[in-house]
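Engineer: Let's see this in three dimensions:
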Amino acid sequence: MRLFEIEPGDAPLVLSFPHAGSAFPPDVSARLTTIGRTSIDTDWNVDRLYAFASQLGIGTIRANVSRYVVDLNRDPNGAPLYPGARTTGVTPTETFEGDALYAPGDEPTAGEISERVATYWSPYHAALSDALARVRQRHGYALLVDGHSIWGRLPLLFDGELPDVNLGSNRGASCAPEMTQAVAQTLATPYPSLVVDGRFTGGYITRTYGAPSRNVHALQIELNERTYLEDGSRTATDDGKAATLSAALRRACEALLAWTPAASPVATGVT
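Structural biologist: Below is the predicted model of the structure:
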């Protein structure tokens, strides 16, 4: 099984899709509940919304493996993403709606969690780190957009309907404010319910790789899936909605490519 797909680019921007995969290794699939095998919390087809990336020279990395195997956007040591709020960990045991992924007593052991992190989590992050290092070496800086989507009504995670577009900058720590503004100004016209650092302030990837002092700027874009899926569907793309959203995302990426962040002293390596 290919763990991820990576397409290098020559632009200063890299796109990451850590939750776009829905595949399972056979040993994990055999232990999952029926709902678990649906991989319902996948960011369904979110990477296809950025199909223009190669035309703009933007590099991409897309996971193939389901987030139920290992969550690439969580701390590998189990630190909670949002302390005090309900969320899932690096090896989830329930869906976003609280349905069990394993029969009682059959959840992954500590040893299995470590093995999954080594097998699936670490290679993705090594590839992402290398991609950002190459981009920064070429341009003097690197921009990262971590692309996500989520079902818009999940009472265990948030109240009511999620805004259409949710930008996360780790409350301004993961990127220069101009990066957030460039994306927000572009997307707010077609999607006026856009919020910045609301329920989603950026996950592990945004918080870890976004380091403006090292000339790496990272922003998470979390999309309400109603913006591109068929009405009432959890998985099927509405071609018309998707085309409108994709065009807006292209304009946002073009705005980022037109922006050059102020240089900062560069430390060795990208972590």
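Engineer: Show me the beta-bridge partners of residue 211.
Structural biologist: Taking DSSP bridges, one obtains residue 216 as the residues bridged to residue 211.
Engineer: Residue 196 now?
Structural biologist: residue 167.
Engineer: Could you tell me how many residues sit around it?
Structural biologist: Residue 196: 21 surrounding residues under other Cβ atoms under 10 Å. Where you see a C-beta, it was placed from the backbone N, CA and C, and this is true even at glycine.
Engineer: what residues are up against it?
Structural biologist: With contacts defined as Cβ atoms under 8 Å, 6 or more residues apart in numbering, residue 196 is in contact with 167, 168, 169, 180, 184.
Engineer: And the pLDDT at the closest residue to residue 103 other than its chain neighbours?
Structural biologist: The shortest distance from residue 103 to any non-neighbouring residue, by Cβ to Cβ, 6 or more residues apart in numbering, is to residue 33 (6.9 Å). pLDDT recorded at residue 33 is 98.
Engineer: you'd agree residue 33 is up against residue 101?
Structural biologist: Yes - between residue 33 and residue 101 there is a contact at 5.9 Å, judged by Cβ atoms under 8 Å.
Engineer: picking up where we left off before, closest to residue 64 out of the contacts of residue 196?
Structural biologist: residue 168 (23.8 Å; Cβ to Cβ).
Engineer: Break down the stretch 1-150 of the chain into its strands, ranges please.
Structural biologist: 4-7, 13-17, 59-63, 142-150 (DSSP state E, counting those that start in this stretch).
Engineer: still on that earlier bit, of residue 33 and residue 101, give the one with the bigger neighbour count.
Structural biologist: Shown here are residue 33 and residue 101; by other Cβ under 10 Å, residue 101 has more neighbours (23 against 15).
Engineer: was I right about the more buried one contacting residue 88?
Structural biologist: No - shown here, residue 101 and residue 88 do not form a contact pair, counting by Cβ under 8 Å, at 9.6 Å.
Engineer: hey, what's in contact with both of these two?
Structural biologist: The contact sets of residue 101 and residue 88 overlap at residue 94 (Cβ under 8 Å, 6+ apart).
Engineer: which residues touch the nearest residue to residue 141 once chain neighbours are set aside?
Structural biologist: With Cβ to Cβ, 6+ apart as the criterion, residue 141 has its nearest non-adjacent residue at 4.0 Å, and that residue is residue 215. Residue 215 is in contact with 136, 140, 141, 142, 261, 263, 264, 266, counting by Cβ under 8 Å, 6+ apart.
Engineer: Adding neighbour count and pLDDT, write the residues you listed out as TSV.
Structural biologist: Compiled in TSV, the contacts of residue 215 are given as follows (neighbours: other Cβ atoms under 10 Å; pLDDT from 0 to 100):
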residue	neighbour count	pLDDT
136	20	97
140	14	97
141	21	98
142	26	98
261	19	94
263	9	75
264	15	71
266	15	50
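Engineer: Mind checking which of those residues are in helices?
Structural biologist: Residues of the contacts of residue 215 located in helices (DSSP state H): residue 136.
Engineer: Now flag whichever of the contacts of residue 215 is closest to residue 210.
Structural biologist: Ranked by distance to residue 210 (Cβ to Cβ), those are led by residue 142 at 10.0 Å.
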